[in-house]
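1. just need the structure, nothing else, for what follows:
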Amino acid sequence: GPAAQAHSAIALAIGRLAHPSDEDAFDFEYEFNRLFIGPGHALAAPYASVYLSEERTLMGQATLSARAAYEAQDMVVDRKNNVPDDHFAYEAAFMAQMSETASSDGAARDARGAARDFLRTHIACWVPLHVQAIRDASENELCLAFADLLCALADATEQALNEDAATSEQTIRTKESAQH
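-> Numbers count the residues shown, from 1 in each chain. Have a look, this model is predicted:
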């Protein structure tokens, strides 16, 4: 099914990352900087606001939206107002924290809901655009494998959250049936 496909895609991307050509490995630092940092205009900036605002600028509404999602779960970005809150690394850390909370805490249902909402209303809106920007701007196999890994991880996360939601709904229906 879809979950198996996502896991297979993750394994393939990791395999490609583990065995780059000498040329791709040598060029990776230059290519990484060209895509994600600069100098000048980064070709695949890792910030949601770049993809979700008409002006393609940092610190836009997407940044504030990400910040609000984090704060609603009592999380704060360490370098707030230094590195925008909608940087991919912060968003991935938020999703990881929500997953950890969902699997170990009494607030699991809220954490799962927050993760599903953030994935649907935020990550799914910009990460595919970011991945396409990487694919359009690079021929470096490491960068392309990274792009494929991002897609596969997003798909696997979505599948896991959807399966978890379906299981939770079934559990609720079963408990309600048992009470009647």
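2. helix or strand for Gln159, just tell me which one.
-> helix 141-179 (DSSP states H and E).
3. okay, how far is it across stretch 129-147, tip to tip?
-> End-to-end distance for stretch 129-147: 11 Å, by CA to CA, to the nearest Å.
4. equivalent analysis for stretch 14-27, please.
-> 19 Å.
5. got it, and stretch 55-67?
-> 20 Å.
6. list the contacts of that stretch.
-> Stretch 55-67 has contacts (CB atoms under 8 Å, 6 or more residues apart in numbering) with 45, 47-53, 77, 80, 84-86, 90-91, 94, 121-122, 126. Yep, even glycine has a C-beta here, placed from its N, CA and C like the rest.
7. likewise for stretch 148-157?
-> 2-3, 5-7, 9-10, 12-14, 16-17, 95, 99, 115, 119, 123-124, 127-128, 130-131.
8. mean confidence for that stretch?
-> For stretch 148-157, the mean per-residue pLDDT is 87.
9. now the phi/psi pair for His87, please.
-> His87 adopts backbone torsions of phi -70, psi 140, taken as degrees, to the nearest 10.
10. hey, what's it bridged with?
-> For His87, the beta-bridge partners under DSSP bridges are Tyr47.
11. quick check: it touching Ala45?
-> No - with contact defined as CB atoms under 8 Å, His87 does not reach Ala45; the gap is 9.2 Å.
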